[in-house]
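Engineer: Give me coordinates for this.
(one chain, ligands or ions: 1)
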Amino acid sequence: MKYLLSILLCTCLATTAPFTFAANELPALGDTTSGLISLQQEHELGRDWLRNMRSQVSTIDDPIILEWFHDLVYQLVPNSQLQSTDLELIVIDSPELNAFAVPGGVVGINFGLLLYSDDEDQLSSVLAHELAHLSQRHFARQVEAAQRRDPVALATLLASIILIATSNTDAGIAGIMGSQAAAIQNQLAYSRDFEREADRLGMKTLVASGLDANAMTGMFTNMMDASKYRGSSLEFLMTHPLTATRVADAAGRAAQYPRKPRTESFRFTVLKLIAEARYRLQDQAETEFTYRLNKATGVYRDALLFSLARLALQEEQWDKGLERLSDIKQTELLIRILNAQLLAGRDGPIAALNILRELRRIHTDSPVLDVALAEVNLEAGKKKDATLLLKRLTEDYPTTPLYWQRLSKAAQANGDLTLAYRALGEYHHYSGRTQEAVQQFQSAIREANKIKDFQREAAIQERLRVIDPA
Ligand SMILES: [Zn+2]
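Structural biologist: Okay, the predicted model is just below:
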């Protein structure tokens, strides 16, 4: 619910076009047009919402997790009915089961969602459902429906949100989330019809992406189990109520498709172990994973060994990590990268640099590899190479704060202070900290002026006007 509320909050702050309250007819199901909120408005609102969200919650900034989530979503996107495939992704650092899609193309999960999913097919079923909410513009249509039922209540609500939002304090935002959220929850939680439509289209997307339709029913079962076990309702189920009809419908539809063999993905298994270590095992992770090795086989055993090697890297126990990896049967890119990182720790950066460069010639679109290679380049004193690599990464993923932060660090080492300040400014901007962003942009402008790089000075000034129009 709080997500929907903050969307409304952004709506009022960000759009120049006035919010109109003309009595729009609710489009029939399947009609994705909306007269109340335009697609362009949604796009801007979604981006504003995302930055706002990033400033308020902690997110996961691990390239392995970001790259996996990106791949997973974009496996589904071509088979969804989304008009725009320009999405923004966010992984929230929370053990709770939740996934969401925000109008304007923001798709997010809590990292803890992995704990409740048996495999990628199941997790994808939740994402496919969310993509259907987006492609069918359920949010805009729901607002219109609420508006038709009770125009006065919605107008009053929006007015009060504007009032509180313009005071721009955390207390104000927290206040409105707490007190008024409940009042409009019933108006804005998705209707049963929308939920069923999202299930129906989500399953189509799932199957068209080569995944198993039955994964959706399996995921429903997991959610209900989790909800029973916890004795309280899950956040996800509050915004996507799971009724007996929905479960039966999904099961009936899934039965029409042949069962697909589910692949046990090495990457997914590793990430699930990382989530388990983070939210359940904490400093017991090494002991527990080592214990599990006794009985583990196949992909699961490899994933345990990889996770143990990764823990060893974090503790700078190079030999221990390398020994774990030497026992793995697979040759996944992730394993080769980790191997090189451990070698860099033990033997210095040069040998690792050669391995990673060789990998980069084949794998040109892996942020995990680029971040690792940039790091080793910096250790080897190749500051210019590191900067160029990260610059390209920020061009490919211009809204991911982590990559800007890394670029800033490399540019500073490389002596390019203009770029270092500017990159740090982008990092703060996409993290939702406008004031800090403005300060860094101003430093970048001063620095460019000092070295008489007037072209860059003008470009950064222009960018500053975009991020802070006031
Ligand atoms: Zn839903």
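Engineer: CA atoms for contacts and neighbours, from now on please.
Structural biologist: Will do.
Engineer: Pick out the residue in the stretch 51-200 of the chain sitting closest to the ion.
Structural biologist: Here the stretch 51-200 of the chain gets closest to the ion at one residue, residue 195, 4.8 Å apart by C-alpha to the ion.
Engineer: Check the contact between residue 345 and residue 318; I expect there is one.
Structural biologist: Yes. Contact criterion C-alpha atoms under 8 Å: residue 345 and residue 318 qualify, at 6.2 Å.
Engineer: Same drill for these two, tell me which one is more crowded.
Structural biologist: Ranked by neighbour count (other C-alpha atoms under 10 Å), residue 345 and residue 318 place residue 318 first, with 21 against 18.
Engineer: pLDDT wise, what is the more buried one at?
Structural biologist: Note for residue 318: predicted pLDDT of 98.
Engineer: Tell me which residues touch it, please.
Structural biologist: Under the criterion of C-alpha atoms under 8 Å, 6 or more residues apart in numbering, the contact list for residue 318 reads 312, 342-343, 345-346.
Engineer: buried stuff in stretch 319-327?
Structural biologist: Neighbour-count burial for stretch 319-327, with 16 or more other C-alpha atoms under 10 Å as criterion, is recorded at 319-322, 324-325.
Engineer: ok, residues contacting that stretch?
Structural biologist: Counting by C-alpha under 8 Å, 6+ apart, stretch 319-327 makes contact with 302, 305-306, 308-313, 335, 339, 342-343, 346, all of which sit outside it.
Engineer: if we go to 6 Å?
Structural biologist: 305, 309, 312 (C-alpha atoms under 6 Å, 6 or more residues apart in numbering).
Engineer: Please, which helix or strand holds residue 50?
Structural biologist: Here residue 50, judged by DSSP states H and E, is contained in helix 39-56.
Engineer: still on that earlier bit, give me the nearest residue to the residue of the stretch 51-200 of the chain closest to the ion, chain neighbours excluded.
Structural biologist: Once flanking residues are discounted, residue 195 sits nearest to residue 240: 6.6 Å by C-alpha to C-alpha, 6 or more residues apart in numbering.
Engineer: Just give the number of residues close to the one you found.
Structural biologist: Residues lying near residue 240 (other C-alpha under 10 Å) number 21.
Engineer: Strands along the stretch 1-150 of the chain, start to end?
Structural biologist: 88-92, 99-102, 106-110 (DSSP state E, counting those that start in this stretch).
Engineer: Would you mind finding the most buried of those?
Structural biologist: Highest mean neighbour count among these (mean count of other C-alpha atoms under 10 Å): strand 99-102, with a mean of 24.
Engineer: Could you measure from the residue nearest the centre of the chain over to residue 337?
Structural biologist: Centroid-nearest residue in the chain, with C-alpha atoms, centre = their mean: residue 90, separated by 1.9 Å. Counting by C-alpha to C-alpha, to the nearest Å, the separation of residue 90 from residue 337 is 24 Å.
Engineer: How about residue 96?
Structural biologist: Per C-alpha to C-alpha, residue 96 is found 30 Å from residue 337.
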